[in-house]
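Participant: The amino acid sequence is not available; the structure is as follows:
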């Protein structure tokens with residue numbers, strides 16, 4: 001017989017399921033914004049415009065990454081919210097590892113964008 005899970009774990013799972021369902025849409029949005037940023041860079045657009053697109057991409061990558069981590073938690077199951085050992089054991093399962101890898105890939109893309117894609121605006125003397 002399975003262990004009972006807390007009401008809080010059930011609530012968190014429901015919230016994660018909602019976010020995880022949005023993953024494809026959020027990933028598409030991030031891809032769209034990545035293309036727009038690269039186009040702006042290739043066209044030599046002004047730095048403030050490139051920066052605005054890079055910041056938008058950062059937000060989209062963050063949202064997609066959070067949805068991937070939510071999907072990871074959904075794959076682990078409700079018991080994973082309450083039981084650290086259970087969560088750790090489930091993280092070794094292939095379907096959970098796949099979502100962990102996807103979330104980490106998006107995290108890496110976000111960090112790369114922050115390091116190289118977001119130009120600093122010049123400081124103007126007032």
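Facilitator: Good, I have the coordinates. Just so it is clear, the structure is predicted and the values come from calculations on it, not from any experiment.
Participant: residues of the helix or strand hosting residue 16 that come out buried?
Facilitator: Using DSSP states H and E, residue 16 sits in helix 7-21. When burial is assessed from 16 or more other CB atoms under 10 Å, helix 7-21 yields the following buried residues: 9, 12-13, 16, 19-20. Glycine gets a C-beta too; all of them are placed from N, C-alpha and C.
Participant: which other residues reach it?
Facilitator: By CB atoms under 8 Å, 6 or more residues apart in numbering, the residues outside helix 7-21 that reach it are 66-67, 70-71, 73-74, 77-79, 81-82.
Participant: Secondary structure element holding the residue nearest to residue 110 when sequence neighbours are not counted?
Facilitator: Excluding the flanking residues, the one nearest residue 110 by CB to CB, 6 or more residues apart in numbering is residue 61, at 4.0 Å. Element membership for residue 61 (DSSP H and E) is helix 47-76.
Participant: Okay, angle between that helix and helix 7-21 too, please.
Facilitator: For helix 47-76 against helix 7-21, the angle by axes from the mean of the first three to the mean of the last three CA atoms, to 10 degrees is 130 degrees.
Participant: Report all helices and strands that the very next helix or strand once past helix 47-76 contacts.
Facilitator: As assigned by DSSP H and E, the chain's next helix or strand after helix 47-76 is helix 79-82. Packing contacts for helix 79-82, counted by 3 or more CB pairs under 8 Å, 6 or more residues apart in numbering; DSSP states H and E, involve helix 7-21, helix 84-90.
Participant: List the buried residues for the shortest one?
Facilitator: Residues of helix 84-90 classed as buried: 87, 90 (neighbour count, 16+ other CB under 10 Å).
Participant: What's the separation between the residue nearest to residue 97 when sequence neighbours are not counted and residue 98?
Facilitator: Once flanking residues are discounted, residue 97 sits nearest to residue 91: 7.1 Å by CB to CB, 6+ apart. Going from residue 91 to residue 98 by CB to CB, to the nearest Å gives 11 Å.
Participant: buried stuff in stretch 61-69?
Facilitator: In stretch 61-69, counting by 16+ other CB under 10 Å, buried: 61, 63-69.
Participant: try stretch 66-82
Facilitator: Buried residues in stretch 66-82, counted by 16+ other CB under 10 Å: 66-81.
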